[in-house]
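Visitor: model the following, please.
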Amino acid sequence: GCALTVAFASGVEDNLFWAATSQGHCHLIDKRMSGSAAVLVNDCMVNTLVADASGEGEGGRLLTGDTRGLVKCWDVRVLSSRTDGGMQACEVLMRNADAGKPISHLAVSAPGSAG
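Guide: All right, here's what the predicted structure looks like:
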């Protein structure tokens, strides 16, 4: 599928970034190697993502907004391998109350900041 959105895994490593595809996959790309370092498998197309490295340990969390109107939080520190090669460890944070319309944008702010 084609890449729909990208986000750098800021604060962790300059060589890492996430790319969401039209197939509902979020690929962790490491510029130092070929192929994906990890793949998150969503059940529908991901429209937007935000890499949040504020969590403890490497990688923190990845927030995604998809076409079904769900905002999900993927804890990339505890990804578990699946038999199909994908990885999954997420929690649904919210559903768009407006009839499940797609989520088009996400943003995060630093703890304690106004906004």
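
Visitor: every contact and neighbour count from this point should use C-alpha atoms.
Guide: Noted.

Visitor: contact partners for residue 14?
Guide: residue 8 (C-alpha atoms under 8 Å, 6 or more residues apart in numbering).

Visitor: let me know the pLDDT of residue 59.
Guide: Looking at residue 59, its pLDDT stands at 56.

Visitor: wait, residue 112
Guide: pLDDT, read off for residue 112, is 67.

Visitor: same check, this time on residue 23
Guide: Residue 23 is assigned a pLDDT of 90 by the prediction.

Visitor: what's around residue 98, how many residues?
Guide: 8 (other C-alpha atoms under 10 Å).

Visitor: just the element for it, please.
Guide: If you go by DSSP states H and E, residue 98 is not part of any helix or strand.

Visitor: how many neighbours does residue 2 have?
Guide: 9.

Visitor: surely it meets residue 22?
Guide: Yes: Residue 2 is within contact range of residue 22, at 5.6 Å (criterion: C-alpha atoms under 8 Å).

Visitor: need the helices for this structure, in chain order.
Guide: Taking DSSP state H, the chain contains no helices at all.
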